[in-house]
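1. using only what follows, build the 3D model:
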Amino acid sequence: MTDKNSSQPVIELKAITRVYATEALETHALQNINLRIGQGEFIAIAGQSGCGKSTLLSILGLLDVASSGEYLLDGHNASQLSRDERARLRNKEIGFIFQSFNLISDLTIYENVELPLTYRQDLKGPEIEERVMSALEVVGMTTRMDHFPSQPSGGQQQRAAVARAIAGKPAILLADEPCGNLDSKNAEIVMRLLEKLNRDGATICMVTHDPASARRAQRYVELFDGQIVQDEVLRRVNGEKSDNAQAVHQI
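-> I've put the predicted structure just below:
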């Protein structure tokens, strides 16, 4: 991951706009989004359905591109990259945690965590194995690594998905409703795991509809009609208020 002491933000969005156009109409999913996320921050992104959360997460994850504006990811100008270059950067710099886990059913837990690393040209066999085992140890899933995804509980499947996300040591973790398919007990386990990863230096950007989960973050960003209407520091980072947070904006 990025140097924890670096003053440069891991993510910087400058006037990001995303417009989806058809013959009949134009839909402005995002409008003039400016956002800086520093190393080690834990950001909750919230808002009503259709407010632009998924579009923003897709752009942050290099799964979509903005119609205009600039996106800097860990010092890379992602706005000017080709599709292949975005794919390579995404595999190295971003870890994804999905609501539906997205584990491959005919691969073991170990193989699911290993798979993204096999596409990395900078990693060889022994280092891949070390990273997989380390990630499984972090989430407490080494005893389940030879099981297939249908065998563990939902909470354990999500922990395996977290292991897959962190094994590549990405600059940022993007979590899309990580507790959405979990009961309250397993949701608490996953949230505590995310908090521990954040304390250990991980930068986390989490989309959530759950107010209780949002309050667990350090910073709260709310979208409305494709615009940031609130950006508020909820708690301090390492005893200091984040200097990357913007002023609070209300409708």
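2. do you have the strands of this structure handy? List them.
-> Ranges of strands in the chain, per DSSP state E, are 11-21, 26-37, 42-46, 68-73, 76-77, 94-97, 172-176, 204-207, 219-224, 227-233.
3. from what I see, Glu12 and Gly38 are in contact.
-> No - Glu12 lies out of contact with Gly38 (CB atoms under 8 Å); the separation is 9.7 Å. Just so you know, the C-beta spots here come from the backbone N, C-alpha and C atoms, and that holds for glycine as well.
4. compare those two (neighbour count), which wins?
-> Just comparing Glu12 and Gly38: by other CB atoms under 10 Å the higher neighbour count belongs to Gly38, 22 against 19.
5. separation between the more buried one and Val229?
-> Distance from Gly38 to Val229, counting by CB to CB, to the nearest Å: 21 Å.
6. Leu136: neighbour count?
-> Neighbours of Leu136 (other CB under 10 Å): 23.
7. ok, now which ones touch it?
-> Ile109, Tyr110, Val113, Thr142, Met145, Ala160, Ala163 (CB atoms under 8 Å, 6 or more residues apart in numbering).
8. pLDDT and neighbour count added to these, as a markdown table?
-> Formatted as a markdown table, the contacts of Leu136 follow (pLDDT from 0 to 100; neighbours: other CB atoms under 10 Å):
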| residue | pLDDT | neighbour count |
| --- | --- | --- |
| Ile109 | 98 | 28 |
| Tyr110 | 98 | 20 |
| Val113 | 97 | 29 |
| Thr142 | 97 | 17 |
| Met145 | 97 | 19 |
| Ala160 | 96 | 26 |
| Ala163 | 96 | 28 |
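9. and of those residues, the nearest to Ile45?
-> Ala163 (23.1 Å; CB to CB).
10. any figure for the gap between the residue nearest to the closest one when sequence neighbours are not counted and Ala160?
-> Excluding the flanking residues, the one nearest Ala163 by CB to CB, 6 or more residues apart in numbering is Ala135, at 4.0 Å. Separation of Ala135 from Ala160 (CB to CB): 9 Å.
11. quick check: neighbours shared by the two?
-> Shared contacts of Ala135 and Ala160, defined by CB under 8 Å, 6+ apart, comprise Val113.
12. for Pro178, phi and psi?
-> phi -60, psi -20 (degrees, to the nearest 10).
13. how about the residue nearest to the spatial centre of the chain, what does it touch?
-> Nearest residue to the geometric centre of the chain (CA atoms, centre = their mean): Leu174, 0.6 Å. Residues in contact with Leu174, defined by CB under 8 Å, 6+ apart, are Leu57, Leu60, Gly61, Ile94, Gly95, Phe96, Ile97, Cys205, Met206.
14. which of these tops the neighbour count?
-> Of all the contacts of Leu174, the highest neighbour tally under other CB under 10 Å goes to Gly95, namely 29 neighbours.
15. for that one, which non-adjacent residue is spatially closest?
-> Nearest residue to Gly95 in three dimensions, chain neighbours excluded: Ala165, at 3.3 Å (CB to CB, 6+ apart).
16. count of neighbours near that neighbour?
-> Ala165 has 25 nearby residues by other CB under 10 Å.
17. need the pLDDT of it.
-> pLDDT for Ala165: 95.
18. ok, now which ones touch the closest residue to Ala202 other than its chain neighbours?
-> Closest residue to Ala202 apart from its sequence neighbours, by CB to CB, 6+ apart: Leu173 at 5.6 Å. By CB under 8 Å, 6+ apart, the contact list for Leu173 reads Ile94, Gly95, Phe96, Ile97, Ala165, Ile166, Leu194, Leu197, Ala202, Thr203, Ile204, Cys205.
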